[in-house]
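Chemist: got a structure for you, letters missing:
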């Protein structure tokens, strides 16, 4: 389960100044990546790697395919974004990396969100 915090001052670290808030965001991102990789494996999906930020400026999410050298990598921008938006990009990155579409994608999306211990309140990102 991923902590419910993504904003400074409400986290599990003391001294919530800007530097600590960035560290907390990175820790939440890392924990979410661990959860999603584990759930992807459990579901029989390819488990992508995760990193931040994307190489291309102005991009919230990107996907690099490294086949056959290794698994795809989902890069997500953290700065200035809500926790839900970041998690949504991570979930969608797993689905895109696996070529999930239609009803299959909807089912897997629900399973990945359940593994994170939350559900999106908005529609998935394109």
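Modeler: That came through fine. Because the structure is a prediction, the values reported are computed rather than measured.
Chemist: any idea which helix or strand comes after the host helix or strand of residue 26?
Modeler: Element membership for residue 26, per DSSP states H and E: helix 18-42. Note on helix 18-42: by DSSP H and E, the next helix or strand toward the C-terminus is strand 49-51.
Chemist: show residues contacting that following strand.
Modeler: With CB atoms under 8 Å, 6 or more residues apart in numbering as the test, strand 49-51 has contacts from 29, 33, 36-37, 70-76, 90, 93. Any C-beta I mention is one placed from the backbone N, CA and C, and that applies to glycine too.
Chemist: swap the cut-off to 10 Å and go again
Modeler: The contact list for strand 49-51, computed with CB atoms under 10 Å, 6 or more residues apart in numbering, reads 29-30, 32-34, 36-37, 62, 64, 66, 70-76, 89-90, 93-94, 97.
Chemist: can you give me how far it is from the chain middle?
Modeler: On the basis of CA atoms, centre = their mean, to the nearest Å, strand 49-51 sits 8 Å off its chain's mean C-alpha point.
Chemist: the helices in the chain, which residues?
Modeler: Remark: helices assigned in the chain by DSSP state H are 18-42, 83-97, 102-116.
Chemist: middle-most residue in the protein, spatially?
Modeler: Centroid-nearest residue in the chain: residue 90, 2.5 Å away (criterion: CA atoms, centre = their mean).
Chemist: if I pick the residue nearest to residue 108 when sequence neighbours are not counted, what's in contact with it?
Modeler: Closest residue to residue 108 apart from its sequence neighbours, by CB to CB, 6 or more residues apart in numbering: residue 100 at 5.3 Å. Going by CB under 10 Å, 6+ apart, residue 100 touches 43, 45, 92, 94, 106-109, 112.
Chemist: next, format those residues as a markdown table and append neighbour count and distance to residue 25.
Modeler: Output for those, formatted as a markdown table (neighbours: other CB atoms under 10 Å; distance: CB to CB, whole Å):
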| residue | neighbour count | distance to residue 25 |
| --- | --- | --- |
| 43 | 16 | 26 |
| 45 | 20 | 26 |
| 92 | 22 | 19 |
| 94 | 26 | 20 |
| 106 | 13 | 28 |
| 107 | 12 | 29 |
| 108 | 20 | 26 |
| 109 | 19 | 23 |
| 112 | 22 | 20 |
